[in-house]
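K.L.:
sequence below, structure please.
(one chain, ligands or ions: 3)
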Amino acid sequence: MIPTQGKKKWMQLPRDVVVGPDVIYDLKDVCNDLKLKEGAFIVTGHHTKKIAGDVVHDILNECGYNPVIASSKEASMTEVNKIVELANEANSRYLIGVGSGKSIDVAKLAATQLDLPFISVPTAASHDGIVSSRASIHDKGKKASIEVNAPMAVVADTSIIAKAPYRLLAAGCGDIISNYTAVLDWELAHRLRNEPFSEYAATLSRMTAQILMDCPEDIKPELESSVRIVVKALVSSGVAMSIAGSSRPASGSEHMFSHALDMVAPNSALHGEQCGVGTIMMMYLHGGDWKKIKECLEIIGAPTTASELGIKDSYILEALLVAHKIRPERYTILGAGLTPEAAEKVARLTKVIS
Ligand SMILES: NC(=O)C1=CN([C@@H]2O[C@H](COP(=O)(O)OP(=O)(O)OC[C@H]3O[C@@H](n4cnc5c(N)ncnc54)[C@H](OP(=O)(O)O)[C@@H]3O)[C@@H](O)[C@H]2O)C=CC1
Ligand SMILES: O=C(CO)COP(=O)(O)O
Ligand SMILES: [Zn+2]
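P.N.:
Ligands and ions are numbered 1, 2, ... in the order given. Prediction:
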(Lines give C-alpha, C1' and ligand atoms only; values in the text may rest on other atoms or scores of the structure.)
(Ligands and ions follow the chains in the order given, each with its own letter.)
Protein backbone atom coordinates (compact mmCIF):
# COMPACT_ATOMS: atom_id res chain seq x y z
CA MET A 1 0.00 0.00 0.00
CA ILE A 2 1.27 3.46 -0.88
CA PRO A 3 2.00 5.46 2.32
CA THR A 4 -0.66 7.90 3.48
CA GLN A 5 -0.20 11.44 2.23
CA GLY A 6 0.47 14.67 4.17
CA LYS A 7 -1.15 14.85 7.59
CA LYS A 8 -3.72 17.58 8.25
CA LYS A 9 -2.84 20.02 11.00
CA TRP A 10 -6.45 20.10 12.21
CA MET A 11 -9.34 17.70 12.63
CA GLN A 12 -12.02 17.71 9.90
CA LEU A 13 -15.50 16.47 10.76
CA PRO A 14 -18.77 16.63 8.81
CA ARG A 15 -21.00 19.59 9.68
CA ASP A 16 -24.32 17.79 9.08
CA VAL A 17 -24.90 14.10 9.83
CA VAL A 18 -28.45 12.98 8.99
CA VAL A 19 -29.40 9.36 9.72
CA GLY A 20 -32.91 7.90 9.55
CA PRO A 21 -35.73 6.59 7.34
CA ASP A 22 -36.38 8.59 4.14
CA VAL A 23 -33.80 11.27 5.01
CA ILE A 24 -32.72 11.29 1.36
CA TYR A 25 -35.58 13.79 0.93
CA ASP A 26 -33.81 16.07 3.46
CA LEU A 27 -30.90 16.44 1.05
CA LYS A 28 -32.33 19.70 -0.29
CA ASP A 29 -32.36 21.15 3.25
CA VAL A 30 -28.83 19.91 3.88
CA CYS A 31 -27.63 21.59 0.64
CA ASN A 32 -29.38 24.79 1.66
CA ASP A 33 -27.79 24.63 5.11
CA LEU A 34 -24.37 24.34 3.49
CA LYS A 35 -25.23 27.10 0.98
CA LEU A 36 -24.81 24.60 -1.86
CA LYS A 37 -27.39 25.08 -4.57
CA GLU A 38 -26.67 25.05 -8.30
CA GLY A 39 -23.81 22.99 -9.72
CA ALA A 40 -24.22 19.57 -8.09
CA PHE A 41 -22.18 16.72 -9.59
CA ILE A 42 -23.42 13.27 -8.54
CA VAL A 43 -21.03 10.30 -8.62
CA THR A 44 -22.86 6.98 -8.33
CA GLY A 45 -22.43 3.29 -9.18
CA HIS A 46 -24.03 1.07 -11.81
CA HIS A 47 -26.51 -0.62 -9.40
CA THR A 48 -26.86 2.27 -6.97
CA LYS A 49 -27.76 4.77 -9.73
CA LYS A 50 -31.25 3.23 -9.96
CA ILE A 51 -31.49 2.72 -6.17
CA ALA A 52 -30.57 6.27 -5.06
CA GLY A 53 -28.45 8.16 -7.64
CA ASP A 54 -31.45 8.99 -9.82
CA VAL A 55 -33.52 9.94 -6.74
CA VAL A 56 -30.83 12.44 -5.66
CA HIS A 57 -30.69 13.76 -9.24
CA ASP A 58 -34.49 14.26 -9.33
CA ILE A 59 -34.59 15.95 -5.90
CA LEU A 60 -31.94 18.51 -6.92
CA ASN A 61 -33.39 18.90 -10.40
CA GLU A 62 -36.79 19.80 -8.94
CA CYS A 63 -35.02 22.52 -6.93
CA GLY A 64 -33.58 23.89 -10.18
CA TYR A 65 -29.99 23.06 -9.14
CA ASN A 66 -29.11 21.57 -12.60
CA PRO A 67 -27.37 18.42 -11.30
CA VAL A 68 -25.08 16.31 -13.49
CA ILE A 69 -24.83 12.55 -12.84
CA ALA A 70 -22.04 10.11 -13.76
CA SER A 71 -21.47 6.44 -12.92
CA SER A 72 -18.16 5.17 -11.67
CA LYS A 73 -17.26 1.48 -12.00
CA GLU A 74 -14.22 1.14 -9.71
CA ALA A 75 -12.17 3.03 -7.12
CA SER A 76 -9.22 3.86 -9.38
CA MET A 77 -7.20 6.97 -10.29
CA THR A 78 -8.52 6.61 -13.87
CA GLU A 79 -12.08 7.01 -12.57
CA VAL A 80 -11.07 9.91 -10.29
CA ASN A 81 -9.41 11.71 -13.25
CA LYS A 82 -12.52 11.10 -15.37
CA ILE A 83 -14.80 12.60 -12.70
CA VAL A 84 -12.46 15.60 -12.21
CA GLU A 85 -12.58 16.29 -15.95
CA LEU A 86 -16.38 15.93 -16.20
CA ALA A 87 -16.98 18.08 -13.11
CA ASN A 88 -14.65 20.76 -14.49
CA GLU A 89 -16.47 20.74 -17.85
CA ALA A 90 -19.81 21.08 -16.03
CA ASN A 91 -18.49 23.96 -13.85
CA SER A 92 -19.65 21.95 -10.83
CA ARG A 93 -19.59 23.63 -7.44
CA TYR A 94 -19.92 20.56 -5.21
CA LEU A 95 -19.84 16.75 -5.47
CA ILE A 96 -22.19 14.14 -4.01
CA GLY A 97 -21.10 10.48 -3.75
CA VAL A 98 -24.17 8.21 -3.86
CA GLY A 99 -23.59 4.49 -3.42
CA SER A 100 -21.09 2.02 -2.10
CA GLY A 101 -17.53 2.45 -0.83
CA LYS A 102 -16.07 2.75 -4.31
CA SER A 103 -18.38 5.54 -5.52
CA ILE A 104 -17.95 7.48 -2.27
CA ASP A 105 -14.13 7.18 -2.37
CA VAL A 106 -13.95 8.29 -6.04
CA ALA A 107 -16.19 11.29 -5.36
CA LYS A 108 -14.32 12.17 -2.15
CA LEU A 109 -10.90 12.24 -3.80
CA ALA A 110 -12.19 14.05 -6.92
CA ALA A 111 -13.81 16.71 -4.68
CA THR A 112 -10.54 17.16 -2.77
CA GLN A 113 -8.57 17.53 -6.01
CA LEU A 114 -11.08 20.08 -7.27
CA ASP A 115 -11.14 21.82 -3.88
CA LEU A 116 -14.93 21.51 -3.82
CA PRO A 117 -17.30 20.50 -0.98
CA PHE A 118 -18.41 16.87 -0.84
CA ILE A 119 -21.58 15.18 0.48
CA SER A 120 -21.69 11.45 1.25
CA VAL A 121 -24.93 9.53 0.56
CA PRO A 122 -24.25 5.85 1.32
CA THR A 123 -26.64 3.19 0.02
CA ALA A 124 -25.06 0.47 2.15
CA ALA A 125 -23.57 0.33 5.65
CA SER A 126 -20.64 -1.78 4.48
CA HIS A 127 -17.57 0.27 5.53
CA ASP A 128 -16.55 3.27 7.66
CA GLY A 129 -15.42 5.35 4.68
CA ILE A 130 -18.94 6.87 4.58
CA VAL A 131 -17.72 9.65 6.87
CA SER A 132 -13.91 9.40 7.02
CA SER A 133 -11.35 11.88 5.71
CA ARG A 134 -9.68 9.09 3.73
CA ALA A 135 -10.12 7.53 0.27
CA SER A 136 -8.89 4.07 -0.77
CA ILE A 137 -7.93 4.25 -4.43
CA HIS A 138 -6.15 1.87 -6.81
CA ASP A 139 -3.29 3.36 -8.80
CA LYS A 140 -0.72 1.55 -10.94
CA GLY A 141 -1.60 -1.85 -9.47
CA LYS A 142 -1.45 -0.66 -5.84
CA LYS A 143 -4.06 0.53 -3.40
CA ALA A 144 -3.42 3.85 -1.67
CA SER A 145 -5.07 5.16 1.48
CA ILE A 146 -5.12 8.87 0.72
CA GLU A 147 -5.88 11.71 3.10
CA VAL A 148 -8.74 13.77 1.67
CA ASN A 149 -11.21 16.37 2.88
CA ALA A 150 -13.93 14.93 5.13
CA PRO A 151 -17.49 15.08 3.77
CA MET A 152 -19.30 18.34 4.60
CA ALA A 153 -22.39 16.22 5.25
CA VAL A 154 -23.48 12.60 5.48
CA VAL A 155 -27.05 11.69 4.54
CA ALA A 156 -27.65 8.03 5.42
CA ASP A 157 -31.18 6.96 4.52
CA THR A 158 -31.82 3.88 6.63
CA SER A 159 -34.87 2.87 4.52
CA ILE A 160 -32.64 2.56 1.44
CA ILE A 161 -29.79 0.89 3.36
CA ALA A 162 -32.19 -1.64 4.97
CA LYS A 163 -33.16 -2.86 1.47
CA ALA A 164 -29.53 -3.46 0.42
CA PRO A 165 -28.35 -7.10 0.41
CA TYR A 166 -27.80 -8.18 4.06
CA ARG A 167 -24.26 -9.24 3.18
CA LEU A 168 -23.28 -5.53 2.92
CA LEU A 169 -24.57 -4.75 6.44
CA ALA A 170 -22.78 -7.79 7.89
CA ALA A 171 -19.59 -6.59 6.15
CA GLY A 172 -19.99 -3.19 7.83
CA CYS A 173 -20.06 -5.03 11.18
CA GLY A 174 -16.78 -6.75 10.26
CA ASP A 175 -15.22 -3.35 9.51
CA ILE A 176 -16.35 -2.06 12.93
CA ILE A 177 -15.28 -5.14 14.92
CA SER A 178 -11.83 -4.86 13.31
CA ASN A 179 -11.32 -1.69 15.39
CA TYR A 180 -10.38 -4.00 18.30
CA THR A 181 -7.22 -5.34 16.71
CA ALA A 182 -6.47 -2.02 15.00
CA VAL A 183 -6.31 -0.33 18.42
CA LEU A 184 -4.25 -3.20 19.91
CA ASP A 185 -1.76 -2.78 17.03
CA TRP A 186 -1.65 0.98 17.57
CA GLU A 187 -0.96 0.51 21.31
CA LEU A 188 1.81 -1.93 20.42
CA ALA A 189 3.38 0.55 17.99
CA HIS A 190 3.13 3.26 20.64
CA ARG A 191 4.92 1.08 23.22
CA LEU A 192 7.55 -0.42 20.90
CA ARG A 193 8.11 2.44 18.44
CA ASN A 194 6.97 5.49 20.40
CA GLU A 195 4.42 6.13 17.64
CA PRO A 196 2.10 9.07 18.43
CA PHE A 197 -1.09 7.76 20.03
CA SER A 198 -4.44 9.45 20.63
CA GLU A 199 -6.22 8.14 23.72
CA TYR A 200 -9.48 9.81 22.56
CA ALA A 201 -9.39 8.30 19.06
CA ALA A 202 -8.45 4.84 20.41
CA THR A 203 -11.14 4.92 23.12
CA LEU A 204 -13.85 6.03 20.65
CA SER A 205 -12.81 3.34 18.18
CA ARG A 206 -12.73 0.56 20.81
CA MET A 207 -16.03 1.68 22.34
CA THR A 208 -17.67 1.64 18.89
CA ALA A 209 -16.65 -2.00 18.40
CA GLN A 210 -17.71 -2.83 21.97
CA ILE A 211 -21.25 -1.50 21.46
CA LEU A 212 -21.69 -3.86 18.51
CA MET A 213 -20.03 -6.81 20.28
CA ASP A 214 -22.49 -6.34 23.19
CA CYS A 215 -25.58 -6.85 20.99
CA PRO A 216 -24.75 -8.89 17.86
CA GLU A 217 -28.21 -10.50 17.99
CA ASP A 218 -29.73 -7.05 17.31
CA ILE A 219 -28.25 -7.07 13.81
CA LYS A 220 -30.82 -8.71 11.54
CA PRO A 221 -31.78 -8.49 7.85
CA GLU A 222 -34.16 -5.79 6.65
CA LEU A 223 -34.50 -4.19 10.10
CA GLU A 224 -34.24 -0.42 10.08
CA SER A 225 -33.17 -0.48 13.75
CA SER A 226 -30.20 -2.77 12.88
CA VAL A 227 -29.14 -0.44 10.09
CA ARG A 228 -29.28 2.51 12.47
CA ILE A 229 -26.96 0.75 14.98
CA VAL A 230 -24.42 -0.05 12.26
CA VAL A 231 -24.54 3.37 10.57
CA LYS A 232 -23.98 5.15 13.90
CA ALA A 233 -21.02 2.86 14.61
CA LEU A 234 -19.55 3.55 11.16
CA VAL A 235 -19.90 7.29 11.76
CA SER A 236 -18.10 6.98 15.14
CA SER A 237 -15.36 4.93 13.55
CA GLY A 238 -14.88 7.55 10.81
CA VAL A 239 -14.76 10.29 13.45
CA ALA A 240 -12.07 8.33 15.33
CA MET A 241 -9.98 8.35 12.12
CA SER A 242 -10.51 12.11 11.78
CA ILE A 243 -9.42 12.67 15.39
CA ALA A 244 -6.29 10.55 14.82
CA GLY A 245 -5.54 12.19 11.46
CA SER A 246 -4.95 8.71 10.05
CA SER A 247 -6.78 5.40 9.68
CA ARG A 248 -4.76 3.97 12.62
CA PRO A 249 -7.74 3.57 15.02
CA ALA A 250 -9.69 1.56 12.43
CA SER A 251 -7.04 -0.15 10.34
CA GLY A 252 -4.29 -2.42 11.66
CA SER A 253 -2.93 -5.87 10.87
CA GLU A 254 -6.42 -7.21 10.01
CA HIS A 255 -6.77 -4.52 7.32
CA MET A 256 -3.27 -5.31 6.04
CA PHE A 257 -4.42 -8.93 5.69
CA SER A 258 -7.54 -7.77 3.79
CA HIS A 259 -5.49 -5.48 1.50
CA ALA A 260 -3.08 -8.39 0.88
CA LEU A 261 -6.03 -10.68 -0.01
CA ASP A 262 -7.22 -8.06 -2.53
CA MET A 263 -3.81 -8.36 -4.18
CA VAL A 264 -3.27 -12.13 -4.13
CA ALA A 265 -6.79 -13.61 -4.49
CA PRO A 266 -8.38 -13.49 -7.95
CA ASN A 267 -11.89 -12.98 -6.52
CA SER A 268 -11.70 -11.15 -3.24
CA ALA A 269 -14.71 -10.76 -0.94
CA LEU A 270 -16.12 -7.52 0.52
CA HIS A 271 -13.69 -5.27 2.41
CA GLY A 272 -15.54 -5.59 5.74
CA GLU A 273 -15.95 -9.37 5.36
CA GLN A 274 -12.21 -9.84 4.88
CA CYS A 275 -11.39 -7.47 7.76
CA GLY A 276 -13.70 -9.47 10.05
CA VAL A 277 -11.91 -12.74 9.25
CA GLY A 278 -8.56 -10.95 9.62
CA THR A 279 -9.64 -9.74 13.08
CA ILE A 280 -10.20 -13.34 14.26
CA MET A 281 -6.64 -14.31 13.28
CA MET A 282 -4.95 -11.10 14.46
CA MET A 283 -6.74 -11.34 17.81
CA TYR A 284 -5.28 -14.86 18.17
CA LEU A 285 -1.79 -13.41 17.50
CA HIS A 286 -2.42 -10.72 20.13
CA GLY A 287 -3.32 -13.46 22.63
CA GLY A 288 -6.84 -12.00 22.97
CA ASP A 289 -10.33 -13.52 22.94
CA TRP A 290 -10.51 -14.47 19.24
CA LYS A 291 -13.31 -16.95 19.95
CA LYS A 292 -15.56 -14.07 21.08
CA ILE A 293 -14.85 -12.21 17.80
CA LYS A 294 -15.64 -15.34 15.77
CA GLU A 295 -18.84 -16.02 17.74
CA CYS A 296 -20.01 -12.43 17.33
CA LEU A 297 -19.44 -12.48 13.54
CA GLU A 298 -21.27 -15.83 13.35
CA ILE A 299 -24.31 -14.42 15.21
CA ILE A 300 -24.37 -11.45 12.81
CA GLY A 301 -24.06 -13.81 9.84
CA ALA A 302 -20.74 -12.48 8.58
CA PRO A 303 -18.16 -14.91 7.14
CA THR A 304 -15.62 -16.42 9.56
CA THR A 305 -13.90 -18.94 7.26
CA ALA A 306 -12.10 -18.98 3.91
CA SER A 307 -14.88 -21.01 2.33
CA GLU A 308 -17.53 -18.55 3.56
CA LEU A 309 -15.45 -15.77 2.01
CA GLY A 310 -15.35 -17.81 -1.21
CA ILE A 311 -11.56 -17.70 -1.14
CA LYS A 312 -9.23 -20.70 -1.39
CA ASP A 313 -7.24 -21.62 1.76
CA SER A 314 -3.98 -21.17 -0.15
CA TYR A 315 -4.74 -17.46 -0.76
CA ILE A 316 -5.43 -16.93 2.95
CA LEU A 317 -1.94 -18.31 3.73
CA GLU A 318 -0.33 -16.27 0.94
CA ALA A 319 -2.00 -13.09 2.23
CA LEU A 320 -0.88 -13.81 5.81
CA LEU A 321 2.71 -14.14 4.59
CA VAL A 322 2.80 -10.83 2.70
CA ALA A 323 0.44 -8.72 4.87
CA HIS A 324 3.31 -7.09 6.83
CA LYS A 325 4.75 -5.71 3.56
CA ILE A 326 1.53 -3.94 2.58
CA ARG A 327 2.24 -0.89 4.71
CA PRO A 328 5.72 -1.25 6.19
CA GLU A 329 5.54 2.10 8.00
CA ARG A 330 2.58 0.88 10.08
CA TYR A 331 3.92 -1.36 12.87
CA THR A 332 1.53 -4.15 13.92
CA ILE A 333 1.48 -7.57 15.60
CA LEU A 334 2.71 -8.99 12.25
CA GLY A 335 6.08 -7.37 12.96
CA ALA A 336 8.65 -8.47 10.37
CA GLY A 337 6.24 -11.13 9.09
CA LEU A 338 4.96 -14.61 9.95
CA THR A 339 6.83 -17.79 9.07
CA PRO A 340 4.87 -20.20 6.82
CA GLU A 341 4.43 -22.51 9.84
CA ALA A 342 3.08 -19.70 12.03
CA ALA A 343 0.72 -18.54 9.27
CA GLU A 344 -0.69 -22.04 8.87
CA LYS A 345 -1.02 -22.46 12.63
CA VAL A 346 -3.03 -19.25 13.16
CA ALA A 347 -5.30 -19.96 10.17
CA ARG A 348 -5.95 -23.59 11.23
CA LEU A 349 -6.33 -23.00 14.97
CA THR A 350 -8.88 -20.25 14.38
CA LYS A 351 -10.62 -22.56 11.86
CA VAL A 352 -10.35 -19.94 9.11
CA ILE A 353 -8.90 -22.74 6.95
CA SER A 354 -9.67 -26.43 7.37
N1 LIG B 1 -12.26 5.70 2.61
C2 LIG B 1 -12.27 4.92 3.67
O3 LIG B 1 -12.00 5.37 4.80
C4 LIG B 1 -12.64 3.49 3.49
C5 LIG B 1 -12.75 2.97 2.23
N6 LIG B 1 -13.11 1.65 2.05
C7 LIG B 1 -13.17 1.16 0.68
O8 LIG B 1 -14.52 0.97 0.31
C9 LIG B 1 -14.60 -0.12 -0.61
C10 LIG B 1 -15.53 -1.18 -0.06
O11 LIG B 1 -16.81 -0.68 -0.09
P12 LIG B 1 -18.07 -1.67 -0.11
O13 LIG B 1 -19.26 -0.79 -0.07
O14 LIG B 1 -17.90 -2.69 0.93
O15 LIG B 1 -17.96 -2.45 -1.48
P16 LIG B 1 -18.10 -1.97 -2.98
O17 LIG B 1 -17.82 -0.53 -3.11
O18 LIG B 1 -17.27 -2.93 -3.74
O19 LIG B 1 -19.66 -2.20 -3.28
C20 LIG B 1 -20.19 -3.47 -3.30
C21 LIG B 1 -21.40 -3.58 -4.19
O22 LIG B 1 -22.57 -3.24 -3.46
C23 LIG B 1 -23.46 -2.60 -4.35
N24 LIG B 1 -24.44 -1.84 -3.56
C25 LIG B 1 -24.25 -0.79 -2.74
N26 LIG B 1 -25.41 -0.41 -2.19
C27 LIG B 1 -26.36 -1.24 -2.66
C28 LIG B 1 -27.77 -1.34 -2.47
N29 LIG B 1 -28.42 -0.50 -1.66
N30 LIG B 1 -28.43 -2.33 -3.13
C31 LIG B 1 -27.78 -3.18 -3.96
N32 LIG B 1 -26.45 -3.12 -4.20
C33 LIG B 1 -25.75 -2.16 -3.54
C34 LIG B 1 -22.56 -1.76 -5.21
O35 LIG B 1 -23.19 -1.36 -6.41
P36 LIG B 1 -22.54 -0.31 -7.46
O37 LIG B 1 -22.11 -1.16 -8.61
O38 LIG B 1 -23.64 0.61 -7.82
O39 LIG B 1 -21.40 0.37 -6.79
C40 LIG B 1 -21.40 -2.70 -5.43
O41 LIG B 1 -21.63 -3.52 -6.56
C42 LIG B 1 -13.19 -0.69 -0.77
O43 LIG B 1 -12.63 -0.16 -1.94
C44 LIG B 1 -12.50 -0.18 0.49
O45 LIG B 1 -11.12 -0.06 0.32
C46 LIG B 1 -13.40 0.84 3.11
C47 LIG B 1 -13.30 1.32 4.39
C48 LIG B 1 -12.90 2.68 4.69
O1 LIG C 1 -10.69 0.65 5.78
C2 LIG C 1 -10.35 1.57 6.48
C3 LIG C 1 -10.85 1.72 7.87
O4 LIG C 1 -11.91 0.83 8.13
C5 LIG C 1 -9.39 2.56 5.97
O6 LIG C 1 -8.19 2.04 6.20
P7 LIG C 1 -6.99 1.95 5.16
O8 LIG C 1 -6.14 3.12 5.52
O9 LIG C 1 -6.36 0.64 5.51
O10 LIG C 1 -7.53 1.99 3.78
ZN1 LIG D 1 -12.01 -0.81 6.77
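K.L.:
give me the pLDDT for the nearest residue to F197 once chain neighbours are set aside.
P.N.:
Among residues not flanking F197 along the chain, H190 sits closest, at 3.9 Å (Cβ to Cβ, 6 or more residues apart in numbering). To be clear about C-beta, it is placed using only N, CA and C from the backbone, and glycine gets the same treatment. pLDDT recorded at H190 is 98.
K.L.:
H190: neighbour count?
P.N.:
Residues lying near H190 (other Cβ atoms under 10 Å) number 17.
K.L.:
does A233 touch I177 like I think?
P.N.:
No: the pair A233 / I177 is not scored as a contact, 9.5 Å apart, by Cβ atoms under 8 Å.
K.L.:
overlap in contacts, these two.
P.N.:
A209, L212 (Cβ atoms under 8 Å, 6 or more residues apart in numbering).
K.L.:
do stretch 120-140 and ligand 2 meet?
P.N.:
Yes: Stretch 120-140 reaches ligand 2 (Cβ under 6 Å from any ligand atom) through D128, R134, S136.
K.L.:
before we move on, the earlier item: show me which of A233 and I177 is the more surrounded one.
P.N.:
Neighbours were counted for A233 and for I177 using other Cβ under 10 Å; I177 has more, 29 against 24.
K.L.:
ok, now how distant is the more buried one from S132?
P.N.:
To S132, I177 is 17 Å away according to Cβ to Cβ, to the nearest Å.
K.L.:
what sits against N149?
P.N.:
Q12, K108, A111, T112, F118, S133.
K.L.:
with K163 instead?
P.N.:
I51, E222.
K.L.:
distance check, it against G174.
P.N.:
Taking Cβ to Cβ, one finds K163 at 20 Å from G174.
K.L.:
longest helix of the protein?
P.N.:
Using DSSP state H, we find that the single longest helix of the chain is helix 224-244.
K.L.:
so where's the protein shaky on pLDDT?
P.N.:
Of all residues in the chain, those with pLDDT under 70 make up the ranges 1-7.
K.L.:
what about 90?
P.N.:
Scanning the chain for pLDDT under 90 picks out 1-11, 73, 139-145, 268.
K.L.:
if we ignore the residues flanking it in sequence, what's nearest the residue of it positioned farthest from its centre?
P.N.:
Distance from the centre of the chain peaks at G64, with 32.8 Å (Cα atoms, centre = their mean). Leaving aside its sequence neighbours, G64 sits nearest to E38 (Cβ to Cβ, 6+ apart; 7.5 Å).
K.L.:
wait, that neighbour touches R93, no?
P.N.:
Yes: between E38 and R93 there is a contact under Cβ under 8 Å: 6.7 Å.
K.L.:
ok, the residue of the stretch 101-250 of the chain at minimum distance from ligand 1 - contacts?
P.N.:
At 2.1 Å from ligand 1, G101 is the closest residue in the stretch 101-250 of the chain, using Cβ to the nearest ligand atom. G101 sits next to A75, S126, H127, G129, S136, H271 when contact means Cβ under 8 Å, 6+ apart.
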